Structure formats: structure tokens, C-alpha cells
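K.L.:
here is my input; please provide its structure:
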Amino acid sequence: MKKSHFAGLLGALLGLCLIPSLAMAQSAFDGTWKIDLHRVQMPKKPDVILLQNGMYQCKTCAPAISVKADGEDQKVTGHPYFDMIAIKVVDDHTVQETEKKAGKVVSTSTTTVAADGKTASFEFSDSSNSNAEPVTGNGTMTRVTKGPAGSHAISGSWRTTTVSNVSDNGLTMTYKVEGDSLHMSSPTGQSYNAKMDGTEAPYMGDPGTTSVSVKKLGENVLQETDKRDGKVISVAKMTVAADGKSMTIAVEDKLHGSSMSFVAMKE
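P.N.:
Numbering: from 1, shown residues only. The predicted structure follows:
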């Protein structure tokens, strides 16, 4: 699972008009937060895949992918996280995918369609945006539409319904408000230091995100906008609950035209 689906838990700045003792108080956003996988609302827009006549197509990837499904490395362009992909057909219900960048494996996954064709399960290991250990996990998908006659069982449109057993390094982030700036860091190596007035700042450690801006929308509410080479790729609105123990994050994925939400708990 890519960083852009879970990054974006932001800090908030206490008003400058507060008296000195209050100005030093901890922000509601400060600390380490962990995503609760039981409180994730997955995107409703399905992924569309076609595997037929020896070719694999991911029609909803951005940009779309079309390669031979012969288990060999195939060159792809336009993807910041990988430049080679290999699709191996294990059997009529199972497909393995391997992604590489600069010759190094950065992601592997195995997807198996159930015998009735209505659901599928997957497991993954992903270090495509990690400078440390890979993020691992598994999940399930539900079929929305069938693929054409004669195509592999994985063909059709699928909606991800659950993601589980994700390693902690893919679920936790730490935030700290200092003066008028917010600092973010994650176990997978991403970080930024941005003023909370909407000014753009460099986003470090993620090949798919080059800049970030943070803007305070209200008490305990912030908005993060991520860009890639000047183009907005995602917008996240974060709201800390009144008790300060949880944060709700609503994310608009501009690349895929979808949205999702999740809740993170303060550790």
C-alpha cells in the first residue's frame, strides 16, 4: 500500500495571541499516531484489470499499464516508484506481481481469486517508498464486474474491502509543531517541515511526492496537499477529536479520482 493512501496526519499551531504559558502548550496533533485498520473506509471506485491472451492490463493504474504476462521483467514508464514489472500467472486463479526500480525489487504481491470468483485475497511486501524495512500485509477484494469470456479469473473490476496485518512501519507517523511549522516523520523514511500557512515545502524520502503544503482550517483541523512535480496528487483533511485521542483523516486521491477515510489513534 502506497504512502499516499496513509500519509498526512498533521500538526496544528496554537494561536500567537495566546499568553506565553499557553503558547508553550502541546499541540493536539503532537505525538505518534497509528492507523486503526478496523476503522478504514476503502475507496468505492473499483480497480479494473484484464489478463487475457498473454497480456496483463491495469486500466485504472496512473498511468495505465499494459505488459506481457510471461513472468519476465517488462519496462514501464511514468511510475515514480518502479520502472520494471513482471506478471507471473501461477495458475488459473493466482497471479504474482514483482516491481523493480533501478534493478532492485521494491514490491511483490500475490493475488488469489476464490473458487466462486466473487472475492480475492492478496498479500504484499512493499518498499517502493521506504528507506527502511518493507511494509507488509494482506487483504481482500470483492468483485464488482466480471472479465470477458476466456480471460483469467483476476480479470474484471474489484473493490478492496479490507487490509489487515499491516506492519507497524506502514501505520505510524510522528508529528511535532514548533513555532509556526509542522514537522512530520515516519518509520519508512518520509519527512517534511512545513509552515502551516499553505506555503509549499519539500517532501523528503518519497519518490512519488515532491512537495507539500499545510493549512490550518479551524480548531484542531488541518489540510495537507501533496504534489508531484507541481501537480496535486492528494488532499487530506485531518480532524482531531475533542478528547485528543483519535484523528479522522479524509483523503482525496486526485490521481485515481477516488476518496477514502480512516482513523488514527494517538499512542
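K.L.:
show me where pLDDT drops low in this protein?
P.N.:
Applying pLDDT under 70 to the chain flags residues 1-25.
K.L.:
any idea how it splits into domains?
P.N.:
Split into domains by automatic domain parsing, the chain comes to 3-41+170-266, 47-168.
K.L.:
and the helix or strand where residue 233 lies, what other elements does it pack with?
P.N.:
Element membership of residue 233, judged by DSSP states H and E, is strand 231-240. On a contact count with 3 or more C-beta pairs under 8 Å, 6 or more residues apart in numbering; DSSP states H and E, strand 231-240 meets strand 221-228, strand 246-253. All C-beta spots, glycine's among them, are computed from the backbone N, C-alpha and C.
K.L.:
pick the most deeply packed of those strands.
P.N.:
Compared across the helices and strands packed on strand 231-240, strand 221-228 shows the largest average neighbour count, a mean of 21 (mean count of other C-beta atoms under 10 Å).
K.L.:
output the contacting helices and strands for that one.
P.N.:
Against strand 221-228 (3+ C-beta pairs under 8 Å, 6+ apart) you get strand 211-218, strand 231-240.
K.L.:
of the ones you listed, which is nearest residue 202?
P.N.:
strand 211-218 (6.1 Å; C-beta to C-beta).
K.L.:
now do the closest one against strand 231-240, angle only.
P.N.:
Angle, strand 211-218 to strand 231-240, by axes from the mean of the first three to the mean of the last three C-alpha atoms, to 10 degrees: 40 degrees.
K.L.:
show me what counts as buried in strand 211-218.
P.N.:
For strand 211-218, a neighbour-count test (16 or more other C-beta atoms under 10 Å) marks 211-216 as buried.
K.L.:
closest to residue 58 out of the helices and strands packed on strand 221-228?
P.N.:
Closest to residue 58 of the helices and strands packed on strand 221-228, according to C-beta to C-beta: strand 231-240, at 17.6 Å.
K.L.:
return the closest one as PDB; C-alpha atoms alone will do.
P.N.:
Extracted in PDB, the C-alpha atoms of strand 231-240 (Å, rounded to 0.1, in the frame of the first residue of the first chain):
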ATOM      1  CA  LYS A 231       0.700  18.700  -9.800                       C
ATOM      2  CA  VAL A 232      -1.700  18.000  -6.900                       C
ATOM      3  CA  ILE A 233      -1.900  14.200  -6.300                       C
ATOM      4  CA  SER A 234      -3.800  14.100  -3.000                       C
ATOM      5  CA  VAL A 235      -5.500  16.300  -0.400                       C
ATOM      6  CA  ALA A 236      -6.100  15.200   3.100                       C
ATOM      7  CA  LYS A 237      -8.300  16.800   5.800                       C
ATOM      8  CA  MET A 238      -7.400  15.900   9.400                       C
ATOM      9  CA  THR A 239      -9.600  16.500  12.400                       C
ATOM     10  CA  VAL A 240      -8.500  15.600  16.000                       C
END
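K.L.:
mind listing what's buried in that strand?
P.N.:
233-240.
K.L.:
tell me how far the residue lying closest to residue 102 once chain neighbours are set aside lies from residue 111.
P.N.:
Leaving aside its chain neighbours, residue 102 sits nearest to residue 83 (7.1 Å; criterion: C-beta to C-beta, 6 or more residues apart in numbering). Distance from residue 83 to residue 111, counting by C-beta to C-beta, to the nearest Å: 22 Å.
K.L.:
which of the two has more neighbours?
P.N.:
For the pair residue 83 and residue 111, the greater number of neighbours falls to residue 111 (21 against 17), based on other C-beta atoms under 10 Å.
K.L.:
do I have it right that the more buried one meets residue 138?
P.N.:
No: using C-beta atoms under 8 Å, residue 111 is not in contact with residue 138; the gap is 10.3 Å.
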